[in-house]
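I would like the atomic coordinates for the input below:
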Amino acid sequence: MTTQPRHKSIIETAADVGIGFCGAMLLTHFVLPIWGYEPTLRADFEITMTYTVWALVRKYAVRRFFA
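Residues are numbered from 1 along each chain as shown. Next comes the predicted model:
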């Protein structure tokens, strides 16, 4: 079994996290109001981006660790 090149790990990770970002953005926008939070669209974006950056770094590090 050959290891995946780093650039392909980055592409795969970015695609996965990008899809997750879209879903998380929608969830943030529609779910937080259920608990009484009414964030602006900008706040939705900032909250989602914070977790997305963390997911990108974490996912890439784990993939490289097991590669």
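
going forward, measure contacts between C-alpha atoms and count neighbours the same way
OK.

what's the burial count for T28?
Around T28 there are 20 other residues, counting by other Cα atoms under 10 Å.

quick check on it: phi, psi?
The phi and psi values for T28, taken as degrees, to the nearest 10, are phi -60, psi -40.

could you do P39 as well?
phi -70, psi 150.

is it true that it touches M25?
No. Judged on Cα atoms under 8 Å, P39 makes no contact with M25 at a distance of 11.6 Å.

now this protein, which segments are flagged as low pLDDT?
Scanning the chain for pLDDT under 70 picks out 1-2.

find the nearest non-adjacent residue to the spatially most central residue of it, please.
Per Cα atoms, centre = their mean, the C-alpha nearest to the average position across the chain is that of T52, at 3.1 Å. Nearest residue to T52, sequence neighbours excluded (Cα to Cα, 6 or more residues apart in numbering): F21, at 6.2 Å.

distance of the one you found relative to P39?
17 Å (Cα to Cα, to the nearest Å).

so these two - more neighbours on which side?
F21 (19 against 15).

tell me the helix or strand right after whichever strand or helix holds that one.
Element membership of F21, judged by DSSP states H and E, is helix 6-31. Per DSSP H and E, helix 6-31 leads on to helix 41-66 as the next helix or strand towards the C-terminus.

contacts only, for the residue nearest to T52.
48-49, 52 (Cα atoms under 8 Å, 6 or more residues apart in numbering).

measure it to F66 for me?
Remark: distance between F21 and F66 (Cα to Cα) = 24 Å.

what's the answer for F45, then?
F45 is 31 Å from F66, by Cα to Cα.

which one of those two has more residues nearby?
Shown here are F45 and F66; by other Cα under 10 Å, F45 has more neighbours (18 against 7).
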